[in-house]
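Engineer: Fold the following.
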Amino acid sequence: MTSLGSCSVTVITLFVEDLHASKSFYEEAGGHIWEIAQQLM
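Structural biologist: Prediction:
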């Protein structure tokens, strides 16, 4: 039971870190796309 609990905690931690990483990545990519779109206008 304890090994299963620690395993789920690890999975959740990795998932949360992945969410943060992808969020910052999409924010950076979105910023670049927005700058390019403004230049094309």
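Engineer: Quick test: name the residue nearest the centre of the chain.
Structural biologist: Nearest residue to the geometric centre of the chain (Cα atoms, centre = their mean): residue 22, 2.1 Å.
Engineer: Pull the number of nearby residues for residue 4.
Structural biologist: Counted with other Cβ atoms under 10 Å, the neighbours of residue 4 add up to 8. C-beta: built from backbone N, CA, C; applies to glycine.
Engineer: any idea which element it lies in?
Structural biologist: For residue 4, the element it lies in under DSSP states H and E is helix 2-40.
Engineer: So which elements touch that helix?
Structural biologist: Using 3 or more Cβ pairs under 8 Å, 6 or more residues apart in numbering; DSSP states H and E, no helix or strand is in contact with helix 2-40.
Engineer: State the distance from the residue nearest to the centre of the chain to residue 39.
Structural biologist: 26 Å (Cβ to Cβ, to the nearest Å).
Engineer: where in the chain is pLDDT low?
Structural biologist: Within the chain, the segments meeting pLDDT under 70 span 1.
Engineer: Name the residues of the helix holding residue 4 that are buried.
Structural biologist: Neighbour counts over helix 2-40 (16 or more other Cβ atoms under 10 Å) mark no residue as buried.
Engineer: still on that earlier bit, can you give me the distance of the residue nearest to the centre of the chain to residue 35?
Structural biologist: Counting by Cβ to Cβ - residue 22 and residue 35 are separated by 20 Å.
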